[in-house]
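*Asks:* Output the structure for:
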Amino acid sequence: MHATTLALVGAAGGAGTTRTAVELATVGARGGRNVAVLDAAFATQGLSEYVRGRIGTDLTALVADETGASLSAATYRIAAGGRAGADGGDEAGSLPGRADVVPARAPFERVARAKTAEAARKLERRIDEAASAYDAVIVDASPVASNEAVAAVTAAESVAAVRPATPHGSDALQRLHGRIADVGASVDATVAVSRGIDGEPEGSAADADVTLPRTDPRVAAAPVAATGDGAYARAIANAYARLFDTTLDVDLSEEGLIGRMRS
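*Replies:* Predicted coordinates for the structure are as follows:
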């Protein structure tokens, strides 16, 4: 097995990249796929918020200290109705496939060592390791301005930019295109996220391959795509099919049919 690897890169801080990665992994599992999300945004460590309970070994430890350990040592399963846990919780078995997260959760000293060029090369190997064990791998990366983000976009088979569906998001996307080109990669798809923040103007999403509608942004509300049948879940399923160039069978009962989606 060799999975399709996707770097999901935020065009701006708070774009919704981590939440989108979690939802994509979950809808993939809903469609019978085994999907892993690796946290290459070491500075923000947002993926750790989706893990229930204590995080022992994390991804920074695997690239800075415990380099001989298996990726599974830092892997946590996303439960179908809430946060992830080491055993996935009571609801983890309700999905046909598996959605795992490999979070970053570390003190500043280890984060600093995990951000070196040498550690970035080890991160690339960890991405390859995940690709040998899963049907799809998503790497959650911050705007390309760090070694780990560069490793994510150069190691992945494809790159998708995530931007807010606002004028600022459109401007940020153009800057991200330049940064990614500077490291010899390119943006293969764009996801526009409607955040619904009071006072934030909505902008055109005509440059986006996928537009995600508003949803409850709270971590506790995720993952919507595990069991949801509304517009957001359908958009996430469509995004998975588009970004991984595949056909995904998910039961969208609200529509009264099996959604066989492919862009």
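*Asks:* which stretches of the stretch 1-150 of the chain form strands?
*Replies:* Taking DSSP state E, counting those that start in this stretch, the strands of the stretch 1-150 of the chain run over residues 4-10, 34-39, 76-78, 84-85, 98-102, 136-141.
*Asks:* Minimum distance to A61: which of those has it?
*Replies:* Of all the strands of the stretch 1-150 of the chain, it is strand 98-102 that lies closest to A61, at 10.7 Å by CB to CB. No exception for glycine: its C-beta is placed from N, CA and C like everyone else's.
*Asks:* Partner strands of the closest one, with direction?
*Replies:* Applying DSSP bridges, strand 98-102 is found paired with strand 34-39 (parallel), strand 76-78 (antiparallel).
*Asks:* tell me the mean pLDDT over the first one?
*Replies:* Regarding strand 34-39, the rounded mean pLDDT is 97.
*Asks:* Distance from it to the middle of the chain?
*Replies:* Put simply, strand 34-39 sits 7 Å off its chain's centre (CA atoms, centre = their mean, to the nearest Å).
*Asks:* For this structure, which residues score under the pLDDT cut-off?
*Replies:* Scanning the chain for pLDDT under 70 picks out 1-3, 79-93, 196-206, 252-263.
*Asks:* What are the phi and psi values at the closest residue to G31 other than its chain neighbours?
*Replies:* Nearest residue to G31, sequence neighbours excluded (CB to CB, 6 or more residues apart in numbering): L248, at 4.2 Å. Backbone torsions of L248, given as degrees, to the nearest 10, read phi -120, psi 120.
*Asks:* L248 and V153, how far apart?
*Replies:* For L248, the distance to V153 (CB to CB, to the nearest Å) stands at 24 Å.
*Asks:* what about these two, which has more around it?
*Replies:* Counted by other CB atoms under 10 Å, L248 and V153 do not tie: V153 has more neighbours, with 25 against 22.
*Asks:* Determine the next helix or strand in the C-terminal direction from the host helix or strand of the more buried one.
*Replies:* Assessed by DSSP states H and E, V153 sits inside helix 147-155. Under the assignment DSSP H and E, the closest C-terminal helix or strand after helix 147-155 is strand 158-164.
*Asks:* Direction included, what does that next one pair up with?
*Replies:* Paired with strand 158-164 in the same sheet, following DSSP bridges, are strand 4-10 (parallel), strand 189-193 (parallel).
*Asks:* Report the separation between R98 and A222.
*Replies:* Distance of R98 to A222, computed by CB to CB: 17 Å.
*Asks:* what's the answer for A152, then?
*Replies:* For A152, the distance to A222 (CB to CB) stands at 21 Å.
*Asks:* For the two, work out which one has more neighbours and name it.
*Replies:* Neighbours were counted for A152 and for A222 using other CB under 10 Å; A152 has more, 31 against 22.
*Asks:* Surely V144 is in contact with V9?
*Replies:* Yes. Taking contacts as CB atoms under 8 Å, V144 lies within contact range of V9: 6.5 Å.
*Asks:* Pull up the overlap in contacts between those two.
*Replies:* 153, 176, 180 (CB atoms under 8 Å, 6 or more residues apart in numbering).
*Asks:* residues touching the closest residue in space to D188 that isn't next to it in sequence, list them.
*Replies:* In this structure, D188 finds its nearest non-sequential neighbour in S158, 4.4 Å apart by CB to CB, 6+ apart. Contact analysis of S158 by CB under 8 Å, 6+ apart lists 4-7, 188-189, 243.
*Asks:* Would you mind giving the strands paired with strand 158-164 as JSON lines with distance to N34 and mean neighbour count added?
*Replies:* What follows is the strands paired with strand 158-164, written out as JSON lines (distance: least, CB to CB, whole Å; neighbours: other CB atoms under 10 Å):
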{"stretch": "strand 4-10", "distance to N34": "12", "mean neighbour count": "26"}
{"stretch": "strand 189-193", "distance to N34": "22", "mean neighbour count": "25"}
